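**Student:** Dropping the sequence and predicted coords here.
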Amino acid sequence: MAELTPDIRDQINQSNSGLKVTQDQGVIIVNVQNNSPAARGGLRPGDIIQSINGTGISTSQQVQQQVESVNLGSTMEIAVNRNGQTQKVRIKPEPLPARENPS
């Protein structure tokens, strides 16, 4: 995730990522980890988070607060701007997998 500013928007649009962003405010999803709850729920790079469970989102800190307020196994409804249209996706937060210590 990244908080959008006019500079961040310009950096994304000038990169080779294939993403084109027209907004200069909000929280954009830059990368989605394979097989994560976000990926399974349908979030995509370039989605701009508008709200989570009906609460408006404008900072990445608000995203973190909303995610932390949901019980594991409960469903969150996330409204995103995707290519100029509002889409709603449902995601079930899960515990992070334990990291393996390399020997």
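**Tutor:** Arrived safely.
**Student:** Closest to the mean position in this structure, which residue would that be?
**Tutor:** For the chain, the residue nearest the mean C-alpha position is residue 29 (4.1 Å; Cα atoms, centre = their mean).
**Student:** Spatially nearest residue to that one, not counting backbone neighbours?
**Tutor:** Nearest non-adjacent residue to residue 29, counting by Cβ to Cβ, 6 or more residues apart in numbering: residue 47, 4.6 Å away. To be clear about C-beta, it is placed using only N, CA and C from the backbone, and glycine gets the same treatment.
**Student:** Ramachandran angles for residue 29?
**Tutor:** Backbone torsions for residue 29, taken as degrees, to the nearest 10, come to phi -90, psi 120.
**Student:** distance of it from residue 1?
**Tutor:** Distance of residue 29 to residue 1, given as Cβ to Cβ, to the nearest Å: 6 Å.
**Student:** what residues are shared contacts of these two?
**Tutor:** Shared contacts of residue 29 and residue 1 (Cβ atoms under 8 Å, 6 or more residues apart in numbering): residue 49.
**Student:** The residue nearest to residue 29: how many residues sit nearby?
**Tutor:** Using other Cβ atoms under 10 Å, residue 47 has 25 other residues around it.
**Student:** what's the pLDDT at it?
**Tutor:** Looking at residue 47, its pLDDT stands at 93.
**Student:** If the closest residue to residue 42 other than its chain neighbours is in a bridge, with which residues?
**Tutor:** Spatially, and ignoring its direct neighbours in sequence, residue 42 is nearest to residue 89 (4.3 Å; Cβ to Cβ, 6+ apart). Beta bridges link residue 89 to residue 78 when assigned by DSSP bridges.
**Student:** Going forward, the N-terminal residue is numbered 523.
**Tutor:** OK, 523 is where the count begins now, so the last one is residue 611.
**Student:** all helices of this protein, in order?
**Tutor:** For the chain, the helices defined by DSSP state H occupy 528-536, 559-563, 582-591.
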